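*Asks:* No letters, just coordinates:
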């Protein structure tokens, strides 16, 4: 697969390049600020840059006629609507979180909610001391699985990258579903899965959840 | 609901009675050794006794024309075949493990196996010091979810009732599914769910898994 | 050892009797409400009853000239002062918590506080859904080890007997000290250790902490 | 404090420099291969390089008359003996593991072993899939605290940096002491503590354990 990266000098851009190359794929296009490199037409374009670059990204998709994986955060409603528009002719994966494990945690939480939503339920999360918001965005995603409010505990500790647990308890047993981030690498694997997924698609706008769970 | 218990003086029998009565149901039949009590015809019959009592149980099902929840352990192949036979005319739930949580753990493990079977996978379990077999029967059930052999660690510690965890790891994140038994009460809740399930069935032989997951 | 129990029909009284008898000791005195049994003079007297019984307990100590282990909760300041008084001539252990493990958790927490009190510190505890107070009394004991306020998370889940954890985090590592109660038996072991401890003492008022840690 | 680093271009050297500078100290000497920088005489010299550099390190200690923190791994018996020799006139800290948390875990394990060595004890550790040896070196250090053999479980999972737990269980409770590595930063903090410790010493050869626990 030939691939291109918009935002190649960012931390995600660098890691994406290294993982794709490890897997035997070839970088044929890259862009970062005014630095542009082009040796061929990419089979897939990956954008982890800034909303300000979005229009350029659309132009490149049109020029290359390539599918797009976009993880740029902070897109406006307008920009998301434009992705929807171009997805009539191009296959696109858009997500703010490419962690496979978090998607699995959500999926397992939904499964248990289907069957034991009447159990006591608690969410807990631990993050590094520099994280100011409580609870974490992921904890909110977990909360939104349930039809009722779920008590949520937030611990701030050292430089923990991110632990999330959903606890279920009845009079006799407890079940805990836990996720722990150990490196940014996990997100890159999600981007890679998305690129492979798009290889087989001609058009459509997909979430990362669809990448993982559609057959 | 009017209910009857065969083996009412056993530890499970006692707890079943107490949970059903808490829920507002009425004991109308009981049997234990030569002690028989009968005030009415039960809507459901529950048997947590011994294989030697099995023939008597069949007679009672026929006499009362009631559904049966049977958790008696050590049934012979013959006895299981007879359950299958009578299930043409009676609804029956048979299981050796009525823990809802363990069924949920199995279900969640299957879900993750469907999607991330290529991750590193480990099973660990902790039980009280008196448990001689390693790994536990439940750990074996968990192992059997996977198409390959899963490394399994067994800890023996104090009087821990039973902890089981399935760990998944990739280069960037780990997911752990954990179950912990805190009392026998959990099994009684499973029996109660089974009784409610049978209330709507005319015939058929069901596993506890079917009780939980069939709609 | 010959032993006596005041409050023998309570849950603690029953378990104390059974553990002491398992260990080969002989019940020679018991009291509960108006039920009194006496076959000999006890070598140690154990009181797990009510503050209202306290005067009777003092009389028995004087009559038997025996040491006393007292775990009755809710003693008044006056009653505690009287224990101090009689300890001039009798060896007494008084405590509201005879869990060895909780004492060890406190001790380990003190150790870490001596060396890494500048790390991020968090306490978490999980108890059954029926526990109304937050945080637990034990969590408060743990908090009181530290010179500053420690954030504390309380989860309420099923029928968890009691989990407590103290978490320490720096930029690079975390340490967690955890305790989990699995049965009331643990408290009885503490009472038993106290009785053995008193066997070697002629007088003095001791805490359970002293029983465990004095040489 | 003015400091010097031998092996400044290594991963540890880089991190040491950055932490010391963050704390307001000044790099006045550095060495890596043939690159030597010198602007002043250091108050402390830190060596995280290779055994081949050892003779040069000794010369520098003599020239600067400065204390030494040495974390270079694979020193020969001869080299260790030479450290002992020069420690008559220079204060030296030598260790292969500058993790504060692991030292605390060992200390807490020793504390519990002093009091509840008769409980069931288990060790468990989890490391990334690339770690070939089982159990880990740290698990062996933990094992060596105890007078008897301790069952030890090793899990290999994703890219877990390193988790270690010591579990104690009695009939009624469990205690778990856990350590989890989250980054190399932790070792640099240990080096920093060692440098401060040496500031007050004129001579002597110290372990990292002594740095942490001597008053």
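*Replies:* Yes, it's here. Everything numeric in this text was worked out from a predicted model, so none of it was measured.

*Asks:* hey, what's residue A:168 bridged with?
*Replies:* residue A:121, residue A:175 (DSSP bridges).

*Asks:* which residues touch it?
*Replies:* A:112, A:116, A:119, A:120, A:121, A:174, A:175, A:176, B:101, B:104, C:157 (C-beta atoms under 8 Å, 6 or more residues apart in numbering or on different chains). Using the backbone N, CA and C atoms, a C-beta is placed for each residue, glycine as well.

*Asks:* I'd like to know how far the third one sits from chain D.
*Replies:* Spatial separation of residue A:119 from chain D under the definition C-beta to the nearest C-beta, to the nearest Å is 23 Å.

*Asks:* go on, the first one?
*Replies:* As judged by C-beta to the nearest C-beta, residue A:112 and chain D stand 23 Å apart.

*Asks:* give me the low-pLDDT residue ranges for chain A?
*Replies:* Low-confidence segments of chain A (pLDDT under 70): A:215.

*Asks:* Residues of it that sit close to chain B?
*Replies:* Counting by C-beta under 8 Å from any C-beta of the partner chain, chain A comes close to chain B at A:99-102, A:104-105, A:107-108, A:111-112, A:115-116, A:168, A:170-189, A:212-213.

*Asks:* In helices, which of these fall?
*Replies:* When the residues of chain A next to chain B are checked against helices (DSSP state H), the matches are A:100-102, A:104-105, A:107-108, A:111-112, A:115-116, A:185-189, A:212-213.

*Asks:* Which among those count as buried?
*Replies:* A:100-102, A:104-105, A:107-108, A:111-112, A:116, A:185-189, A:212 (16 or more other C-beta atoms under 10 Å in any protein chain shown).

*Asks:* which one among those gets closest to chain B?
*Replies:* residue A:186 (2.6 Å; C-beta to the nearest C-beta).

*Asks:* domains of chain A?
*Replies:* With domains defined by automatic domain parsing, chain A comprises A:2-98+A:185-213, A:100-180.

*Asks:* okay, those, which one's buried deepest?
*Replies:* Neighbour counts (mean count of other C-beta atoms under 10 Å in any protein chain shown) averaged over each of those peak at domain A:100-180, with a mean of 20.

*Asks:* what sits opposite residue A:93 in the beta ladder?
*Replies:* On the basis of DSSP bridges, residue A:93 is bridged to residue A:69, residue A:206.

*Asks:* ok, now residue A:163?
*Replies:* Applying DSSP bridges, one finds that residue A:163 bridges with residue A:126, residue A:180.

*Asks:* For chain A, which residues are neighbours of chain D?
*Replies:* A:158, A:159, A:160, A:161, A:182, A:183, A:185.

*Asks:* Looking at those residues, which one is closest to residue B:15?
*Replies:* Using C-beta to C-beta, residue A:160 comes nearest to residue B:15 of those, at 41.0 Å.

*Asks:* Hmm, the closest one is touching residue C:169, no?
*Replies:* Yes. Counting by C-beta atoms under 8 Å, residue C:169 is a contact partner of residue A:160 at 6.5 Å.

*Asks:* any chance of the domains of chain A in TSV, plus distance to residue D:81?
*Replies:* Converted to TSV, the domains of chain A look like this (distance: least, C-beta to C-beta, whole Å):
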stretch	distance to residue D:81
domain A:2-98+A:185-213	43
domain A:100-180	38
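
*Asks:* which one of those domains lies closest to residue D:58?
*Replies:* Once those are compared by C-beta to C-beta, domain A:100-180 is nearest, at 36.0 Å.

*Asks:* what about that closest one, how long is it end to end?
*Replies:* Length of domain A:100-180, first residue to last, C-alpha to C-alpha, to the nearest Å: 12 Å.

*Asks:* what about the strands in chain A?
*Replies:* For chain A, the strands defined by DSSP state E occupy A:2-6, A:26-32, A:35-38, A:44-47, A:68-70, A:91-94, A:120-127, A:152-156, A:163-170, A:173-181, A:204-206.

*Asks:* Kindly reformat those strands as a markdown table containing distance to residue B:150.
*Replies:* Formatted as a markdown table, the strands of chain A follow (distance: least, C-beta to C-beta, whole Å):
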| stretch | distance to residue B:150 |
| --- | --- |
| strand A:2-6 | 35 |
| strand A:26-32 | 37 |
| strand A:35-38 | 45 |
| strand A:44-47 | 34 |
| strand A:68-70 | 33 |
| strand A:91-94 | 32 |
| strand A:120-127 | 27 |
| strand A:152-156 | 31 |
| strand A:163-170 | 22 |
| strand A:173-181 | 18 |
| strand A:204-206 | 32 |
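
*Asks:* what residues does chain A put near chain C?
*Replies:* Residues of chain A found near chain C (C-beta under 8 Å from any C-beta) are A:119-120, A:122, A:124, A:126, A:129, A:151, A:153-160, A:167-174.

*Asks:* can I assume residue A:91 is in contact with residue A:201?
*Replies:* Yes. With contact defined as C-beta under 8 Å, residue A:91 reaches residue A:201; the gap is 3.7 Å.

*Asks:* so what's in contact with the two at the same time?
*Replies:* residue A:67.

*Asks:* need the contact list for residue A:57.
*Replies:* Taking C-beta under 8 Å, 6+ apart, we find residue A:57 in contact with A:6, A:45, A:47, A:49, A:68, A:70, A:72.
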